[in-house]
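A.B. asks: Sequence first, predicted model second:
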Amino acid sequence: MKTEIIRNESVPSSKKKIIVLGSGPNRIGQGIEFDYCCVHGLLAIKECGYEAIMINCNPETVSTDFDIADKLYFEAVFWEHIWDIIDLEKPEGVIVQLGGQTALKLAKRLDAKGIKIIGTSFDNMDIAEDRGRFSDMLKELEIPYPNYGTAFNTDDAIEVAKKVGYPVLVRPSYVLGGQRMRIVLNDEELEKGVLSLLKHLPNNKILIDHFLDRCQEAEIDAIFDGEDFHVMGVMEHIEPAGIHSGDSNAVLPEFNLSPLIVHTMEEYAEKIARALHINGLINIQFAIKNGEVFVIEANPRASRTTPFIAKAYQIPYLNIATKIMIGAAKLKDFTFEKRLTGFAIKEPVFSFNKFPNVNKELGPEMKSTGESIRFIKDLRDPYFRQLYKERSMHLSK
């Protein structure tokens, strides 16, 4: 009987190493922008004197080019592959903030194995991911948020919906790009939605939030280093509430929000970053209705819009944030001169020709696979005026 000999071609170096987890293959629900985040994170790691190791399996990305990381593992971003690599390389830690939701979802297993997560701790990231824990935190901070409840079956869901009031947003926890998220108007729609959700994601806790209809949406991307808080950008969505932020056209900087509302958003964002002990990046989504600011969610990682803001303002935010995560720098070590004349519009990019069976109707579940930038000198630009006209038509219906 022949014995198969398994050879390992990867020889670990004696240098201190940091692993970056990528976002895997292109797909609906997670944009390609996270590759930009990973590339600039790897370059920052090398600048800090560490060996930069990349784990990703997407041949279309720059992060998997042979000359970006010191060592590339072209492997699927699955726990079994990652654990083998960590066991071999024995890194100082792993960065999960740069690879989108795919990387972030692996934080729990890393933490359970005692592997250092560089940046925000797993427990604090989990508070932001767990809608129930996050809402409880907002309540303690006296920050407004939509009424919510949790359920595990249809009977519970109907009771919760009656309490928070229709229309409601039904969604599971810990999913990619708003997967299986939907807005429902009555008990019948709710029952169908919950049954569908439980069929595809069994045993998943169901979150039911009151849906703030006909409101403005905006978001903030920021960096926190444990002491100082820096707002990278405030973006106002053009589409009305109900369209996933990844599928919305958004304007940087804000164009129709009062200084008081912007100040309130920034104040809430800093409160949340401090409460979560963020070390690195955070993205926070807001809804504004009748002059009141509500927090919808927080993402304790690089968002799709982080590269957009970095490019529009010409500031290497991902490089800075990575150095802060590692502990090699503080915000006070940098100056931030935002170079943008006029406005930058984030335009979603859709790949429906690649995914012909996907429902093209936009809603709370993300359908885009990327985004582009359009620069305009002022709000009289014909492209912007047309977008805003379409938004006004949606709101009037």
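C.D. replies: Alright, I've got the coordinates. Treat the numbers as computed from the prediction; the structure is a model and nothing was measured. Residues are numbered from 1 along each chain as shown.
A.B. asks: Relative to I85, how far out is the spatially most central residue of the chain?
C.D. replies: Geometric centre of the chain, nearest residue: S303, 3.8 Å, by Cα atoms, centre = their mean. S303 sits 26 Å away from I85, going by Cβ to Cβ, to the nearest Å. Yep, even glycine has a C-beta here, placed from its N, CA and C like the rest.
A.B. asks: I'd guessed the residue nearest to the centre of the chain sits against N283; true?
C.D. replies: Yes. Between S303 and N283 there is a contact under Cβ atoms under 8 Å: 3.5 Å.
A.B. asks: Tell me the residues that contact both of those two, please.
C.D. replies: Counting by Cβ atoms under 8 Å, 6 or more residues apart in numbering, the common neighbours of S303 and N283 are E219, D221.
A.B. asks: how far does the strand or helix carrying Q285 sit from the chain's center?
C.D. replies: According to DSSP states H and E, Q285 maps onto strand 280-289. Taking the mean of its C-alpha atoms, strand 280-289 sits 10 Å from the chain's own mean (Cα atoms, centre = their mean, to the nearest Å).
A.B. asks: can you check stretch 48-55 too?
C.D. replies: Mean-position distance between stretch 48-55 and its chain equals 23 Å (Cα atoms, centre = their mean).
A.B. asks: now do stretch 211-226
C.D. replies: On Cα atoms, centre = their mean, the centre of stretch 211-226 falls 11 Å from that of its chain.
A.B. asks: buried stuff in it?
C.D. replies: 211-212, 215-225 (16 or more other Cβ atoms under 10 Å).
A.B. asks: L72 in helix, strand or coil?
C.D. replies: Under DSSP: H, G, I helix; E, B strand; the rest coil, the three-state class of L72 is strand.
A.B. asks: That one and P59 touch, don't they?
C.D. replies: No. With contact defined as Cβ under 8 Å, L72 does not reach P59; the gap is 11.2 Å.
A.B. asks: higher neighbour count, those two?
C.D. replies: Of the pair L72 and P59, L72 is the one with more neighbours under other Cβ atoms under 10 Å, namely 19 against 9.
A.B. asks: Let me know the pLDDT of S392.
C.D. replies: For S392, the model assigns a pLDDT of 59.
A.B. asks: try G31
C.D. replies: G31 is given a pLDDT of 67.
A.B. asks: need the contact list for E219.
C.D. replies: V234, M235, H237, S245, A250, N283, I284, Q285, F286, S303, T305.
A.B. asks: pretty sure it is in a helix, no?
C.D. replies: No. According to three-state DSSP, the state of E219 is strand, so it is not within a helix.
A.B. asks: quick one: it from I206, how far?
C.D. replies: 24 Å.
A.B. asks: now the strands for the stretch 151-300 of the chain?
C.D. replies: Under the criterion DSSP state E, counting those that start in this stretch, the stretch 151-300 of the chain contains strands at 168-172, 182-184, 206-210, 216-224, 229-237, 250-252, 280-289, 292-299.
A.B. asks: any weak-confidence spans in the stretch 51-200 of the chain?
C.D. replies: Low-confidence segments of the stretch 51-200 of the chain (pLDDT under 70): 173-180, 200.
A.B. asks: Let me see the ranges of the helices in it.
C.D. replies: Residue ranges of the helices in the stretch 51-200 of the chain, as given by DSSP state H, counting those that start in this stretch, are 79-89, 100-104, 107-112, 122-129, 131-141, 154-164, 187-200.
A.B. asks: and N357, which of these is closest to it?
C.D. replies: Counting by Cβ to Cβ, N357 lies closest to helix 187-200 out of those; the figure is 15.7 Å.
A.B. asks: Dump the closest one to PDB, keeping only the CA atoms.
C.D. replies: C-alpha atoms of helix 187-200 as PDB (Å, rounded to 0.1, in the frame of the first residue of the first chain):
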ATOM      1  CA  ASP A 187     -49.600  40.200   9.000                       C
ATOM      2  CA  GLU A 188     -50.000  38.100   5.800                       C
ATOM      3  CA  GLU A 189     -46.800  39.600   4.200                       C
ATOM      4  CA  LEU A 190     -44.900  39.200   7.500                       C
ATOM      5  CA  GLU A 191     -45.900  35.500   7.800                       C
ATOM      6  CA  LYS A 192     -44.700  34.800   4.300                       C
ATOM      7  CA  GLY A 193     -41.500  36.700   4.800                       C
ATOM      8  CA  VAL A 194     -40.600  34.900   8.100                       C
ATOM      9  CA  LEU A 195     -41.400  31.500   6.700                       C
ATOM     10  CA  SER A 196     -39.100  32.200   3.700                       C
ATOM     11  CA  LEU A 197     -36.400  33.400   5.900                       C
ATOM     12  CA  LEU A 198     -36.500  30.400   8.300                       C
ATOM     13  CA  LYS A 199     -36.500  28.100   5.300                       C
ATOM     14  CA  HIS A 200     -33.300  29.500   3.900                       C
END
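A.B. asks: So that it lines up with my notes, have the first residue be 97 from now on.
C.D. replies: Okay, residue one is now 97; in that scheme the one you just asked about reads as helix 283-296.
A.B. asks: what sits up against it?
C.D. replies: Applying Cβ under 8 Å, 6+ apart, the set of residues contacting helix 283-296 is 247, 249-250, 253-254, 257, 264, 266, 268, 276, 278, 280, 300, 302, 304.
A.B. asks: Can you turn the buried subset of those into a selection I can paste into ChimeraX?
C.D. replies: Here is the ChimeraX selection string for the buried members of those, based on 16+ other Cβ under 10 Å:
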select :247,250,253,254,257,264,266,268,276,278,280,300,302,304
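A.B. asks: returning to that earlier point: of the contacts of E315, grab the buried ones for PyMOL.
C.D. replies: Those of the contacts of E315 that count as buried under 16+ other Cβ under 10 Å are selected in PyMOL with:
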select buried, resi 330+331+333+341+346+379+380+381+382+399+401
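A.B. asks: Relative to P452, which of the contacts of E315 is nearest.
C.D. replies: The closest of the contacts of E315 to P452 turns out to be S341 (Cβ to Cβ; 24.8 Å).
A.B. asks: Would you check how far apart that closest one and V260 are?
C.D. replies: Using Cβ to Cβ, S341 is found at 22 Å from V260.
A.B. asks: Could you give the number of residues near T431?
C.D. replies: By other Cβ under 10 Å, 6 other residues sit near T431.
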